[in-house]
Each structure stands twice: as C-alpha cells, then as structure tokens.
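A.B. asks: model this:
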Amino acid sequence: MAHVLSLGLYLVALLGGVAFVLQQTVNASLRGTLGTPFWAAFTNFAVGAIALGALLLALREPIPSLQTVSRVPWYGWLGGLLGALYIVGSILLVPRLGAATFVGLFIVGQILSSLAFDQFGLLGVPVREVGAARLLGAGLMVVGVGLVCAF
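C.D. replies: Sure, this is the predicted structure:
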C-alpha cells in the first residue's frame, strides 16, 4: 500500500513538472500579447490570487489571527518577492533560451541549492546528509542539463 501511495505522489510531482513548463510557456505568450513582462507577471499573480481566494472561500478556511501571523519568521515573507522575481525572470528568459534550456538550468539551480539546504538545515529544513550518491546524482543532473542546453 505504501508503494502505491509513493507512486501516486511521484505522479503528482511529475504532473507538477508538466504544469511548471506549461506555466512558463503560457506566461511567455502572455508577455508577447501584453507587450511587457511586468504586466504578464502581475496578471499571473492576480489570476492566482483570485483562484486561491475562491478556494479559500470554498473550503471555508479561517483567516489566521494577528497573533499567528506575527509568529511568521522574517524569511517567511520573502516567498512572494522571490516568486515575482522568478516569474518575471522566466517570462524574459523562456523566449530567449527556450523552454528546455530554461527549465534544465532552473532544475540544476534547484538541485544544487536544495542539497545545501538539506546538508545545513537552512531556514528550518530538516538536515539530510548529502553523501556521495546524492552528489553523484547532482553531478549527473548537471551533465544531463548540459547536454540538453548544448543542442
């Protein structure tokens, strides 16, 4: 039963990767239509905020109290800013680099930084030692993305 659950979670993550590439392509197209990466990014966030607002209403999620909100660590507020930088960056880069190169480089950046977060427990991430196998996997990812980017 645990294997079926793991396979289901892997499938959801795989579909998330498909959605990720689709999002980049759609955002680049939106930029082409609107003529500016900033309005395209704003539109992306506005539509997402409306969708999340509708979901919150549908699920009847309670609004967090000010006391709860005041306990959020300083870095907890950076997500929106980092998301905006990422969206604008992807809108600018996908048309110039292509979807595969952008996503490949993005994934390598994620793999390398996530290894550092795991090894050192940065920003509250549980410590998971980065051993030889994980370093080899990251190295193979770098080589694989290098091949994707080269052609």
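A.B. asks: other SSEs contacting the host helix or strand of Ser114?
C.D. replies: Per DSSP states H and E, Ser114 falls inside helix 99-120. Helices and strands touching helix 99-120, by 3 or more C-beta pairs under 8 Å, 6 or more residues apart in numbering; DSSP states H and E, are helix 2-34, helix 79-97, helix 132-150. The C-beta positions use only the backbone N, C-alpha and C, and glycine is treated the same way.
A.B. asks: quick one: Gly83 and Val127, what's the gap?
C.D. replies: The gap separating Gly83 from Val127 is 26 Å, by C-beta to C-beta, to the nearest Å.
A.B. asks: neighbour count winner among those two?
C.D. replies: Between Gly83 and Val127, counted using other C-beta atoms under 10 Å, the more crowded position is Gly83 (14 against 11).
A.B. asks: residues touching the residue nearest to the more buried one when sequence neighbours are not counted, list them.
C.D. replies: Closest residue in space to Gly83, ignoring its immediate chain neighbours: Phe45 at 7.5 Å, by C-beta to C-beta, 6 or more residues apart in numbering. Counting by C-beta atoms under 8 Å, 6 or more residues apart in numbering, Phe45 makes contact with 83-84, 87.
A.B. asks: still on that earlier bit, tell me which residues in the helix holding Ser114 are buried?
C.D. replies: 99, 101-108, 111, 114-115, 117-118 (16 or more other C-beta atoms under 10 Å).
A.B. asks: roughly how far is that helix from the heart of the chain?
C.D. replies: Helix 99-120 sits 10 Å away from the centroid of its parent chain (C-alpha atoms, centre = their mean, to the nearest Å).
A.B. asks: Between helix 79-97 and it, find me the angle.
C.D. replies: Relative orientation of helix 99-120 and helix 79-97, computed by axes from the mean of the first three to the mean of the last three C-alpha atoms, to 10 degrees: 140 degrees.
A.B. asks: now the residue positioned nearest the centre of the chain: how far from Pro62?
C.D. replies: Centroid-nearest residue in the chain, with C-alpha atoms, centre = their mean: Phe20, separated by 7.5 Å. For Phe20, the distance to Pro62 equals 30 Å [C-beta to C-beta].
A.B. asks: Then Ala49?
C.D. replies: 18 Å.
A.B. asks: more neighbours, those two?
C.D. replies: Between Ala49 and Pro62, counted using other C-beta under 10 Å, the more crowded position is Ala49 (10 against 7).
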